[in-house]
Structure formats: structure tokens, C-alpha cells
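1. one predicted model, sequence on top.
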Amino acid sequence: MDHALAQRPPGDVWVFGYGSLIWRPGFEPADRRMARVRGYHRSLCLWSRINRGSPDDPGLVFGLDRGGNCRGVVLQVPEDALRPVFHDLWQREMLMDSYLPRWLTCATPGGDVKALAFVINRQASGYTGELQEQHLLDIVRRARGRYGPCMDYVMDTAQALRDCGIRDRRLEHIVRQLQRDPHAAL
């Protein structure tokens, strides 16, 4: 956390949300803007053995994986709230070394901003790589953890993106498949 804070731009800081940070940031942002990051895409590529699954039946959560581009939101953290907000973000995102904190350039309607993004750590044991679609769907349908079903997490993220006017064709395809038969693997 201290290393990321030391590398931050001066003043208020932006955090890039591409998954649950969009609909459950855990803090009250001073501002919120639509944003696009180039060189990364949103992917269900991280095992969740606590929050959306269990050690015996892991679920999946989103990671920001390399390649493509990703639309999401940037959330502004006032400078005087950085320490407590970053502490909470580290507790949420960085406990398992699944993510790498990176300062990425995000294009917004108000101009480019540098934002903290949690990029998937491809060396972490929780990284799934590319899963076959049917396997991914089966996992999402059956896994549940401390925060509830993996299916809810995926659907809540898809709804939050729609509410923001963001189209994610990959996620929309997954949602259509899940809605066809939500209990197929149960």
C-alpha cells in the first residue's frame, strides 16, 4: 500500500473500477466518471475461495487481464481520505496477492487521469487462465461464498455496467448463456 501511495500523482486520487468496485466501492467517491483503459480487458479469471466460492468449490471473480481494452468507471478519492480508503482497498483486493496495483492512464470525458487499477497477477495461484465456456458457466451457476452466489456477483456486475451505459460483449454473452438455464449445473 505504501509503495502505491508513494507512486501516486499529487492531490486527489482516482481508482479504476471494472467489477464490483463499480457497484460496491466500499467508500464514497468525491466524483465518478466513465473511463476506458487500453491494454487490458475484464475477465472472469480469478478463483474466489472465500467471497464467491469455497475452498472445495471455488467461484470466479473478475480480473483486469492483459489485452484489449476495458470500459469501467474511475472513482475519485479525496487526498485527506487516501489512507483509510487505501487500507480498506488493500484488505479487499490485495490479501491473496491475486492482483498487482498499477497506475494506469484512463481516458475519461474530462480528459485522461492516472488511476489505481488492480490488474490480475498471472503468477498467482488464483489465476485461472482462459477457461472453456461451459466450465466457466458451470462454476458461476453453482459456486457460493461469504458474499453469496457467484451468479449474483456476475449478474450484479453486468447490471452495473448496463446502468452505466457500458457494453461488454463477452460478459453479455455469458449472461445470456446463464439466463437460458440458470440451474443447469446445480
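-> Nice, I can see it.
2. from now on I want contacts and neighbour counts done on CA atoms only, so please keep to that.
-> Fine.
3. lowest-pLDDT helix or strand in the protein?
-> Every helix and strand in the chain was compared by mean pLDDT, DSSP states H and E; the lowest is helix 2-7, with a mean of 64.
4. roughly how far out does the one helix or strand Ile22 maps to sit from the chain middle?
-> In the assignment (DSSP states H and E), Ile22 maps to helix 20-23. Taking the mean C-alpha point of helix 20-23 and that of its whole chain, the gap between them comes to 7 Å (CA atoms, centre = their mean, to the nearest Å).
5. and whatever helix or strand comes next after it, what's its mean pLDDT?
-> For helix 20-23, the following helix or strand on the C-terminal side (DSSP H and E) is strand 32-48. Predicted confidence along strand 32-48 averages 97 (mean pLDDT).
6. so where is the chain shaky, pLDDT-wise?
-> 1-6, 8, 182-186 (pLDDT under 70).
7. if you skip the residues just before and after it, what's nearest to Ile174?
-> Of all residues not flanking Ile174 in the chain, Leu137 sits nearest, at 7.4 Å (CA to CA, 6 or more residues apart in numbering).
8. no, scratch that, I was asking about Arg141
-> Closest residue to Arg141 in three dimensions, ignoring its sequence neighbours and counting by CA to CA, 6+ apart: Met151, at 5.6 Å.
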